[in-house]
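Student: just coords:
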């Protein structure tokens, strides 16, 4: 059973702080990793992807990958109330044409 | 910006009735997915198409669910008969290929009463 684990939260941070969201995965063969943001009642929206160990930055978002520890994280700098949403980690279990397995998501609340 | 079209946005149906959802992926995306998301959970795959062929339907409850993508473009997901436990968000997504993230449609919120 391929698994993607996330802390369901809620994670509450004050406006302007750094929010850190974590995800672990079970399949060592996984090669790519995705973060989606989902506002309440809406569909998921892709915000970041990462393939290589290390950090990838895009604006206020940084994805961090450690394949040896099977761990991927998402940092949100200067958190804004508009960042309040559920963040889903998604991993394809094997390379090739395999569908993404999603975690249950972490609910983030940014307090103004 | 290209979008995945889904309809209807909301559907209320009585248990034991039939219900159908439609999805039109982004033009040129060969891979199409149907996911189900129960409130508070992550999306779970129901079926994956590559063009008109089913690649993975191992999690599709085939006694009541069916999916088709006859011409390799748009797709229909059907439930017959609907059960109370089918109440969920049904998400369609498409992708240009492997190792790419998906683009999701707006989803269909199904309520079975």
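Tutor: Okay, I see it. As the structure is a prediction and not an experimental result, all values here were calculated from the model.
Student: Tell me the spacing between residue A:44 and chain B.
Tutor: Residue A:44 sits 5 Å away from chain B, going by CB to the nearest CB, to the nearest Å. In short, each C-beta sits where N, CA and C put it, glycine included.
Student: Please apply the same query to residue A:34.
Tutor: From residue A:34 across to chain B, the span is 5 Å (CB to the nearest CB).
Student: what helix or strand is the residue nearest to that residue when sequence neighbours are not counted on?
Tutor: Nearest non-adjacent residue to residue A:34, counting by CB to CB, 6 or more residues apart in numbering or on different chains: residue A:90, 4.3 Å away. Residue A:90 belongs to strand A:85-91 when elements are defined using DSSP states H and E.
Student: got a list of contacts for that strand?
Tutor: Residues from elsewhere that reach strand A:85-91 (CB atoms under 8 Å, 6 or more residues apart in numbering or on different chains): A:2, A:4, A:6, A:21, A:23, A:25, A:27, A:30, A:32-40, A:44, A:72, A:74, A:100-103, A:105-108, B:42-43, B:101.
Student: For it, could you pull out the residues that count as buried?
Tutor: A:85, A:86, A:87, A:88, A:89, A:90, A:91 (16 or more other CB atoms under 10 Å in any protein chain shown).
Student: Just confirm yes or no for the helix or strand following it near chain B.
Tutor: Following strand A:85-91 in sequence order, the next helix or strand is strand A:101-102 (DSSP H and E). Yes - using CB under 8 Å from any CB of the partner chain, strand A:101-102 reaches chain B at A:101, A:102.
Student: Against which helices or strands is strand A:101-102 packed?
Tutor: If you count contacts as 3 or more CB pairs under 8 Å, 6 or more residues apart in numbering or on different chains; DSSP states H and E, strand A:101-102 packs onto strand A:85-91.
Student: which neighbours does the strand it packs on have in its sheet, and in what orientation?
Tutor: Using DSSP bridges, the strands paired with strand A:85-91 are strand A:33-38 (antiparallel), strand A:101-102 (antiparallel), strand A:106-111 (antiparallel).
Student: want to throw those strands into TSV with mean neighbour count and mean pLDDT?
Tutor: Shown next, in TSV, are the strands paired with strand A:85-91 (neighbours: other CB atoms under 10 Å in any protein chain shown; pLDDT from 0 to 100):
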stretch	mean neighbour count	mean pLDDT
strand A:33-38	24	96
strand A:101-102	22	94
strand A:106-111	18	97
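Student: Please consider this matter closed, and thank you.
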